[in-house]
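# sequence below, structure please.
(chains A, B, C and D)
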Protein chains: 2
Amino acid sequence: MDNNKNINSPNNLSEPENKILEAAKKVFIQKGFDGATMQEIADVAGINKALLHYYFRKKEILFKTIFQQAFSEFVPNIQEVISSDKPLRKKIKSFIEGYIDLLTKNPYLPIFILNELSQRPEKLITIIKSSGLNPSLIIKNFDKSLQEAGIKSYPIKHLLVNILSMCIFPVVAKPVISSFLFDGNDKSYQLFIQQRKKYIYDFIIKALKI
Amino acid sequence: MDNNKNINSPNNLSEPENKILEAAKKVFIQKGFDGATMQEIADVAGINKALLHYYFRKKEILFKTIFQQAFSEFVPNIQEVISSDKPLRKKIKSFIEGYIDLLTKNPYLPIFILNELSQRPEKLITIIKSSGLNPSLIIKNFDKSLQEAGIKSYPIKHLLVNILSMCIFPVVAKPVISSFLFDGNDKSYQLFIQQRKKYIYDFIIKALKI
DNA sequence: AAGTAATTTAACCAATTAGTTAAAATAAAT
DNA sequence: ATTTATTTTAACTAATTGGTTAAATTACTT
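Next comes the predicted model:
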């Protein structure tokens, strides 16, 4: 078995495995671990439950695979942006724009990650730690950029969290924001999110007086 | 039935009803709708399942009651703060401090609200709309305050979302932040949250150049 | 064409869970 | 003390779900 490697796929998984992972991602992200069922994952993947369990023996296993993958997407290539040799303003700008684009394409990703993480921190914390993210390196690089730009007055961790907050939260809180600020009009909400590329940037630049 | 009104309780509910609601709040907020079981709610309330179903016929009913209550807590008395006659800076300061205190006392409230809302927007949107919150009034009042302070350059909805984001997100994302920025040290994380009272305020004031 | 691997079918098990029910027990009220 | 209301007990139903299994079928390979 497992002889049907999919040449078209970038990874070295069989075709049904890829279909399963794709389906599982969709279902888990939409419904969460508790809300998702193996049956639905099989249906979405276009296969049957027996085969699903044949490839992934336990729901838990499948979930962890998906969660790790999702988290890696959720944590973008900050590293690249931060450690580039662009001026600080450019760095901040491209980070915000890149991240909002990412979130626009995957609007359910953050709430999925955050909720699962808050429900099963112990079990998932190990997974996210193995995601190849090096926070201290990012902090160090970012700090250097700030020093070079002459900004000493604001603690870097708070700045980092501010930026992430202003990008991610509006996506996570879409139902509230959309219904309270835009009368449930999705177009208006989407426009608002796109506008934030500019307004988050402006806000940060002014706050840092660059 | 329902003759045992609890004189000690502020509302006009019977004692078991209050115990049930308290228990349900705890369990639902901790585990979400899908993760919570009626049995556990009964256990936490110190009664049995039969009585639980006797007072709340359906899980759905109990949940909606809890959700509405939770949402009302989650949306603080912005109205009061905004429509007071304090200077803008004071308003912003007390809002941030009050909200962070609220979130510190109820750290699981926001992720619960946001996740349920994202999972069942249609069903819950009606509930949150009946929560007596008047966003346009807040916007209007806040806008007036900004005009008076001579701030015209920044769109109010973005400002509002910025403030809320910077307060709420760090609480929602506790596991990630705590583990990545503070090595899982809860004390450090808690301190960080308290520090944000100052740093969010500073950030906003500078960004608005008040 | 034969043999091997991949997939489906369909039935099943065991556990969990929302919700019901009726009778027994307890507490409160009169 | 007797009625009435409240609560418990305990057993039950029906549905859902994760997971298994064995045989049948289809596809692939040689």
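# the residue nearest to residue A:157 when sequence neighbours are not counted: neighbour count?
Across the structure, with C-beta to C-beta, 6 or more residues apart in numbering or on different chains as the measure, the residue nearest residue A:157 apart from its sequence neighbours is residue B:181 (5.5 Å). (Glycine included, C-beta is placed from N, CA and C.) As a burial measure, the neighbour count of residue B:181 was computed by other C-beta atoms under 10 Å in any protein chain shown and equals 20.
# residue B:181: what's it in contact with?
Neighbouring residues of residue B:181 by C-beta atoms under 8 Å, 6 or more residues apart in numbering or on different chains: A:135, A:139, A:157, A:160-161, B:189, B:192.
# how near is the residue nearest to the spatial centre of chain A to DNA strand C?
In chain A, the centroid-proximal residue (C-alpha atoms, centre = their mean) is residue A:74; its distance is 1.6 Å. Residue A:74 sits 28 Å away from DNA strand C, taking C-beta to the nearest atom of the strand, to the nearest Å as the criterion.
# which residues touch that residue?
Applying C-beta under 8 Å, 6+ apart, one finds that residue A:74 lies in contact with A:106, A:109-110, A:113.
# show me which of those are buried.
By neighbour count, with 16 or more other C-beta atoms under 10 Å in any protein chain shown, the contacts of residue A:74 hold A:109-110, A:113 as buried.
# could I get the full set of helices for chain A?
With helices called from DSSP state H, chain A shows them at A:15-35, A:38-45, A:49-55, A:59-74, A:78-83, A:88-105, A:109-119, A:121-129, A:135-148, A:156-172, A:174-181, A:186-208.
# count the neighbours of residue A:65 for me.
Using other C-beta under 10 Å, residue A:65 has 18 neighbouring residues.
# same question, residue A:107
Applying other C-beta under 10 Å, we find 16 other residues in the vicinity of residue A:107.
# can you count the residues close to the closest residue to it other than its chain neighbours?
Using C-beta to C-beta, 6+ apart and skipping residues adjacent in sequence, the residue nearest residue A:107 is residue A:171, 5.5 Å away. Here the count is done by other C-beta under 10 Å, and residue A:171 has 22 residues near it.
# residue A:186 too?
For residue A:186, the neighbour count with other C-beta under 10 Å is 10.
# wait, isn't it in contact with residue A:178?
Yes - taking C-beta atoms under 8 Å as the contact criterion, residue A:186 and residue A:178 are neighbours in contact, 6.6 Å apart.
# for DNA strand D, what are the nearby residues on chain A?
By the rule C-beta under 7 Å from any atom of the strand, the part of chain A lying against DNA strand D is A:3-4, A:36-39, A:49-50, A:53-54, A:57-60.
# angles on the backbone of residue A:37, please.
phi -120, psi 150 (degrees, to the nearest 10).
# so, low pLDDT: which residues of chain A?
Judged by pLDDT under 70, chain A has its weakly predicted residues at A:1-11.
# pop the domain breakdown of it in here.
Chain A breaks down into these structural domains: A:15-65, A:75-208 (assignment by automatic domain parsing).
# which residues does residue A:132 contact?
Contacts for residue A:132 (C-beta under 8 Å, 6+ apart) come out as residue A:72.
# now residue A:68
Applying C-beta under 8 Å, 6+ apart, we find residue A:68 in contact with A:127-128, A:130-131.
# go again with 6 Å.
When contacts are counted by C-beta atoms under 6 Å, 6 or more residues apart in numbering or on different chains, residue A:68 touches residue A:127.
# quick revisit: who wins for neighbours among the contacts of residue B:181?
Neighbour counts for the contacts of residue B:181 were taken using other C-beta under 10 Å; the highest belongs to residue A:161, which has 23 neighbours.
# my guess is that one contacts residue B:169, does it?
No - Residue A:161 is beyond contact range of residue B:169, at 7.4 Å (criterion: C-beta atoms under 6 Å).
# pull the most distant pair out of the contacts of residue B:181.
The most widely separated members of the contacts of residue B:181 are A:139 and B:189, with 15.4 Å between them, by C-beta to C-beta.
# how about the residues of chain A by chain B?
With the criterion set to C-beta under 6 Å from any C-beta of the partner chain, chain A comes near chain B through A:34-35, A:111, A:114-115, A:117-118, A:121, A:125, A:135, A:157-158, A:161-162, A:165-166, A:169-170, A:172-173, A:175, A:179-181, A:199, A:203, A:206-207.
# got JSON lines for the contacts of residue A:74, with distance to residue B:88 too?
Shown next, in JSON lines, are these (distance: C-beta to C-beta, whole Å):
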{"residue": "A:106", "distance to residue B:88": "37"}
{"residue": "A:109", "distance to residue B:88": "36"}
{"residue": "A:110", "distance to residue B:88": "31"}
{"residue": "A:113", "distance to residue B:88": "36"}
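# among these, which one sits closest to residue A:153?
Within the contacts of residue A:74, distances to residue A:153 taken as C-beta to C-beta reach their minimum at residue A:110, with 29.7 Å.
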